[in-house]
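# coordinates for the following, if possible.
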Amino acid sequence: MSSALSSATGNLKERMKHLLSTGEEADVQFLVGEGEGKELLHAHKIFLMSASDEFEKMFINEKEKDDVSADSPVIEVPDVEATAFKVMLNFIYSDELSELRGDNAVAVLYAAKKYNISGLIDQCLQISVQSLPNVFLAYAQARLFELEDFARQCLRYICQNACQLFGSDEFLQIDQNVLCEILDRDQLFISEELEIWKAALRWADEKCRENAIECSAENRRSALGRALFKIRFPLIAIETFGKEIVTSDILTMEEVLGIYQFQCHSNFHGVPGQYPMKFPYKARICDWNIAKGNRGTITMEIENLSKFVQEEVESSRKSDVEVHIKGMPWKILAEIEKENDGTEKYLGFYLLCTAPREDENWNCKCSATLRIVSQKSGVTDIKKELTEERTFDCKTNNWGFSNVISFAELMDPNKGYQSEDKVTLAIDVIVK
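As a prediction, the model looks like this:
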């Protein structure tokens, strides 16, 4: 053992950090990253194996194959960023996460998943989506790395903050596939469909500029591609449609006539007419005109519904993203409940204000409409009204309804409230 190592002072954590930073007695090297971002990092197999079954398998297989060509073999890891690998090593050696930030959380999460470092995975998933410098990039990376839970968190945040995010420069940098996925969402928190059209047009113009071509109607349509058919033109008022969309010359005459035909027949339900409807017309959950400041809508998807209902009574789930309305943070709370002494399980549905409980001075009043959103044409939302103003404070931070619907009824595909084993909850809130 080197004299430097033997004379290292401090507690165990400090000695471990010393080993990592100096590379003394290291018996494995990793060439991490690609191109100019490549770095050669030193480590100790015994520490890596103690933290990860993936590292354990790697080194056992290496030994069985007699692949060791030197005292300190070099393992290439081109799919992990060097900075992310360093964060992972720091966590393995010392439990420190001082370098885990919003701008590297996705890359670190990928590394943690790759090597199955469960503690680091949990820490990454606790990173607030709001702290990400570019949530669109984080979403694209999460999809690329197949980090499904994190991707869902990012997409929910994008949907619930679409009004602000669609005006950002980061929105203009997304690719067409991501644009399609966003515009396809029922839960886009936007004042009206016209704003989605304007955002898509702004995105298309940026793509034209990037390719040094004219922002003509033809080039705009080409840039939008499939995304054009994610815009719900039939939801736009007929006068506005004529003034804002028809005059852009992006839609074909047949498409325009199909939309006019739809809007002029209120009982139209997708029956083919002379001019077929090529655009979706299902109302978005947040398609009403939001009064600025004191109104908002919170949404939540309960996925794996059949698994959720198997959990114990009083088990609960909360929406991932806080929605701020009149300066207060709000979420949805869903609980598994029973009616009296019965055995059948029911859904409890509540509006939750997540302001800090330790602050005893806050309070607010609000009314709300709680909705279980229909997933089937012709089926209306289940609605529960908090018509009287309810006061929220540090002692009473949630209001809502117990036993709204039995899970048996909720999961019945014929009822029209669950699709692909998930249900969507929404609350329209007015804060006084």
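
# which parts of the stretch 101-250 of the chain are helices?
Remark: helices assigned in the stretch 101-250 of the chain by DSSP state H, counting those that start in this stretch are 105-114, 118-125, 135-144, 148-160, 162-165, 176-183, 193-210, 217-224, 238-240.

# run the angle between the third one and helix 176-183 for me.
Going back to what we said before, that points to helix 135-144. 110 degrees (axes from the mean of the first three to the mean of the last three C-alpha atoms, to 10 degrees).

# which residues sit against helix 135-144?
With C-beta atoms under 8 Å, 6 or more residues apart in numbering as the test, helix 135-144 has contacts from 105-107, 109-110, 129, 132, 147-148, 150-151, 154-155, 157-158, 165, 170-171, 173-175, 178. In short, each C-beta sits where N, CA and C put it, glycine included.

# filter those residues to the buried ones?
Among the contacts of helix 135-144, the ones that count as buried by 16 or more other C-beta atoms under 10 Å are 105-107, 109-110, 129, 132, 147, 150-151, 154-155, 157-158, 165, 171, 173-174, 178.

# average pLDDT across stretch 375-392?
For stretch 375-392, mean pLDDT is 86.

# list the contacts of that stretch.
Counting by C-beta under 8 Å, 6+ apart, 269-270, 282, 328, 349, 351, 353, 355, 363-374, 398-401, 404-405, 415-419, 423-424, 426, 432 sit against stretch 375-392.

# let's see it at 6 Å
Stretch 375-392 is contacted by residues 353, 364-365, 367-374, 399, 401, 416, 419 when judged by C-beta atoms under 6 Å, 6 or more residues apart in numbering.

# just the buried subset of the residues you listed, please.
Counted by 16+ other C-beta under 10 Å, these give 353, 364, 367, 368, 369, 370, 371, 372, 373, 374, 399, 401 as buried.

# quick check: of these, which lies closest to residue 226?
residue 373 (24.8 Å; C-beta to C-beta).

# and that closest one, how far from residue 398?
20 Å (C-beta to C-beta, to the nearest Å).

# what do you get for residue 131?
26 Å.

# okay, these two: which has more neighbours?
residue 398 (15 against 11; other C-beta atoms under 10 Å).

# what bridges to that one?
Note on residue 398: beta-bridge partners residue 352, judged by DSSP bridges.

# just the pLDDT at residue 113, thanks.
92.

# could you find the closest non-adjacent residue to residue 235?
The shortest distance from residue 235 to any non-neighbouring residue, by C-beta to C-beta, 6 or more residues apart in numbering, is to residue 193 (4.3 Å).

# residues near the one you found, how many?
Neighbours of residue 193 using other C-beta under 10 Å come to 23.

# wait, it sits on residue 237?
No - between residue 193 and residue 237 there is no contact under C-beta atoms under 6 Å: 9.4 Å.

# identify the farthest-apart pair in the buried ones among the contacts of stretch 375-392.
364 and 374 (29.9 Å).

# quick one, the helix or strand in which residue 54 is found and helix 118-125 angle?
Following DSSP states H and E, the helix or strand that holds residue 54 is helix 53-64. In terms of direction (the same axes, to 10 degrees), helix 53-64 departs from helix 118-125 by 140 degrees.
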